[in-house]
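Novice: got a predicted model here, sequence first, then my questions.
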Amino acid sequence: MADSVKSRIDSALRATGLWLARRLTSNDASGGSHVPADFDRLRSTLRPGDVLLVDGQSIVGQSVKYLTQSTWSHAAVYVGDAAGTGLDLVEVNLGEGCVAVPLAKYTRHHTRICRPVGLNDAERKQVARFMADRIGLRYDMRNIFDLARFVLPQPPLPRRWRRRMLALGSGDPTRAICSSLIAQAFQEVGYPILPRVREVKLRTRDGATRRELLHIRHHSLYVPGDFDISPYFEIVKPQLSGGFDHRALVWAHQVPDEVGGAEALQLAAE
């Protein structure tokens, strides 16, 4: 009898969690708040191991951006051919867990490529494989408290506590947040994101010297914007990666008069 009651309670909590997750993640398909990158250039620019940041518009997206004071609400890893799976992106989504998605999902979104500098092909493959191997990892929808963090897009919290709020929760569901899993992938190859830096005094034969030591920050404390501000990730802009000539741009005031009113309006709209 007790097991039956527990089972019904678990089912009810899971159903409530799924409903709440759908509500919190709705509206992301509408794209970001800025101009998206040229999709063909985006695809040709990405390399395995690159982190793709996304400007999302759902309740979750708005909450993450507010709590982290960043433009970016979501992060995914480009896998490409490195994992031997033919995948585009691997990401963690609320309500779905760790999934593979096509790059076309973010055609209309404002995105940013963050590229780890100095990784060799084997290390890039290891990062990609780490993410691909975790496809199917589920977010425990029974834990409503992990989802409740995002109900209030702008909770009345002191700024110093906001990042911690994203790490609140209990166990595995919290660790399956998108940026947390990506941080684990880079920790596997010993690549820094935003380590804690502590200066220490070391004694040598030549006398005392100071040196900076890096301390690993727990992966649950990473957020999407950390890859943007990290000094170890290069910001790659697809519009510039293949070369850019500002002289080739066509400005509206340069359109000749004979183009005609309707066609000029169409050009301006585009």
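Specialist: Yes, it's here.

Novice: quick one: terminal-to-terminal distance for stretch 50-63?
Specialist: Taking C-alpha to C-alpha, to the nearest Å, the first and last residues of stretch 50-63 lie 24 Å apart.

Novice: pull out the buried residues from it.
Specialist: Judged by neighbour count (16 or more other C-beta atoms under 10 Å), stretch 50-63 contains these buried residues: 50-63. Heads up, the C-betas are built off the backbone N, CA and C, glycines and all.

Novice: tell me the two of these that are most distant?
Specialist: Spanning the widest gap among the buried residues of stretch 50-63 are D50 and I59, at 27.3 Å by C-beta to C-beta.

Novice: how many residues are close by the closest residue in space to T107 that isn't next to it in sequence?
Specialist: In this structure, T107 finds its nearest non-sequential neighbour in F39, 5.1 Å apart by C-beta to C-beta, 6 or more residues apart in numbering. Using other C-beta atoms under 10 Å, F39 has 15 other residues around it.

Novice: local confidence estimate at F39?
Specialist: Note on F39: pLDDT of 89.

Novice: pLDDT check: weakest of the buried residues of stretch 50-63?
Specialist: Minimum pLDDT across the buried residues of stretch 50-63 is recorded for I59, with 70.

Novice: check the gap between that residue and V99 for me.
Specialist: Here I59 is placed at a distance of 20 Å from V99 (C-beta to C-beta, to the nearest Å).

Novice: what's the answer for E123, then?
Specialist: Where V99 is concerned, E123 sits at a distance of 24 Å (C-beta to C-beta).

Novice: isn't there a strand covering C114?
Specialist: Yes: under DSSP: H, G, I helix; E, B strand; the rest coil, C114 falls within a strand.

Novice: is it true that L87 touches A100?
Specialist: Yes: with contact taken as C-beta atoms under 8 Å, L87 and A100 are classed as touching, separated by 4.6 Å.

Novice: who has more neighbours, the two?
Specialist: Neighbours per residue, other C-beta under 10 Å: of L87 and A100, the larger number sits with L87, 22 against 18.

Novice: dump the residue contacts of that one.
Specialist: The contact partners of L87, taken as C-beta atoms under 8 Å, 6 or more residues apart in numbering, are 79-80, 100, 132.

Novice: quick one: which of the residues you listed is nearest T71?
Specialist: V79 (23.9 Å).

Novice: which residues touch P102?
Specialist: Contacts of P102 by C-beta under 8 Å, 6+ apart are 88-89.

Novice: okay, the helix or strand hosting D226 in CSV with CA atoms only?
Specialist: Using DSSP states H and E, D226 falls within helix 225-229. Provided in CSV are the C-alpha atoms of helix 225-229 (Å, rounded to 0.1, in the frame of the first residue of the first chain):
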residue,chain,number,x,y,z
GLY,A,225,28.4,33.6,-19.7
ASP,A,226,31.6,32.2,-18.1
PHE,A,227,32.7,30.9,-21.4
ASP,A,228,32.3,34.4,-22.9
ILE,A,229,34.4,36.2,-20.2
